[in-house]
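Student: With the sequence up front, the predicted model follows.
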Amino acid sequence: MRALYRVSFLLLMFAMLIGCGDTSSTEKPAPPTASDAIRRDLDYIVQNKIVGSEVINIQENIERLKETEPGKAAALLVEFKKLDSAHGAKAAAIAKKMLEIL
């Protein structure tokens, strides 16, 4: 009987030491690039014909894009200024044009 308790105790201790494994080594997905983030928000505007808070994200990501692709960022910024004050179908058309620039 004592042997059974010892084996049970050892198995329990072994299981506690192993646990669920090392979860710290799992890789976190990379954040989207500035272009990907802009594309996602512009797609939303094209589909829904609504300009909302995503313009803040678009503007921030255009600023990020300036670091890697300044020419593209400058062209997007010109269209962004139009998009910021547009509504409905006009906003969707501007967003579509911005997607073409990307």
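Tutor: Looks like it arrived, so ask away.

Student: where along the chain do the helices fall?
Tutor: For the chain, applying DSSP state H gives helices covering 2-18, 34-48, 54-68, 70-84, 88-101.

Student: Reformat those as a markdown table; add distance to E27, mean neighbour count and mean pLDDT.
Tutor: For every residue, glycine as well, the C-beta is placed using N, CA and C. Shown next, in a markdown table, are those (distance: least, Cβ to Cβ, whole Å; neighbours: other Cβ atoms under 10 Å; pLDDT from 0 to 100):
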| stretch | distance to E27 | mean neighbour count | mean pLDDT |
| --- | --- | --- | --- |
| helix 2-18 | 22 | 9 | 71 |
| helix 34-48 | 18 | 18 | 94 |
| helix 54-68 | 22 | 16 | 93 |
| helix 70-84 | 29 | 16 | 93 |
| helix 88-101 | 30 | 16 | 94 |
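
Student: so who does the spatially most central residue of the chain touch?
Tutor: Of all residues in the chain, the one closest to the mean position by Cα atoms, centre = their mean is P32, 4.4 Å from it. By Cβ atoms under 8 Å, 6 or more residues apart in numbering, the residues touching P32 are R40.
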